[in-house]
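Chemist: Quick one, what's the 3D model for this:
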Amino acid sequence: MSLRLPALLSGLLALWMSTTSAFAQDPQMDLQRTRISAGMYQIDAQVALTPQQQQTGLMYRKEMPQAEGMLFVFEQPSTQCFWMKNTLLPLSAAFVADDGRIVNLVDMQPLTLDSHCSDEPVRYVLEMNQGWFAKKNIKKGTKLTGAPFQVRR
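Modeler: Model prediction:
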């Protein structure tokens, strides 16, 4: 029986490591940043441009300052859907049209696979700490300003 105990412990350790390996990842902290204004409020947003950056998003972050967020920038407007796999923070997402108009807002719960989609095709999604938009009275129809939303020529 004593020979089986190390094997059992080893198996349990391997199982524990496989279920917690998702949390051992490092969050993205070195993306380029942009300043966005929502009325009188300033947002320091990391910019997720590439498919890899967008796929990782805010996964594995344990905290985020209140005035920070992540702006996802897609090549073309389309219906965007987000989920919270491996995301530890509760987030609110603003789905944003090319002109900076917030199309819709959703609250998302950590570590879920629930899909949250834009009400119409959008190029941008801005994720902030959950409740940030509500606390600032920023609603559907509010216009965000900043370099990403300037008129393209």
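
Chemist: Check the offset of stretch 121-139 from the chain's centre.
Modeler: Taking C-alpha atoms, centre = their mean, to the nearest Å, the mean C-alpha location of stretch 121-139 is offset from the chain mean by 11 Å.

Chemist: Buried ones in that stretch, by neighbour count?
Modeler: Using 16 or more other C-beta atoms under 10 Å as the test for burial, stretch 121-139 gives 122-130, 132-133, 136, 138. Yep, even glycine has a C-beta here, placed from its N, CA and C like the rest.

Chemist: how long is it from one end to the other?
Modeler: 18 Å (C-alpha to C-alpha, to the nearest Å).

Chemist: show me the contacts for the closest residue in space to F149 that isn't next to it in sequence.
Modeler: Of all residues not flanking F149 in the chain, G100 sits nearest, at 3.5 Å (C-beta to C-beta, 6 or more residues apart in numbering). Applying C-beta atoms under 8 Å, 6 or more residues apart in numbering to G100 gives the contacts 143-146, 148-149.
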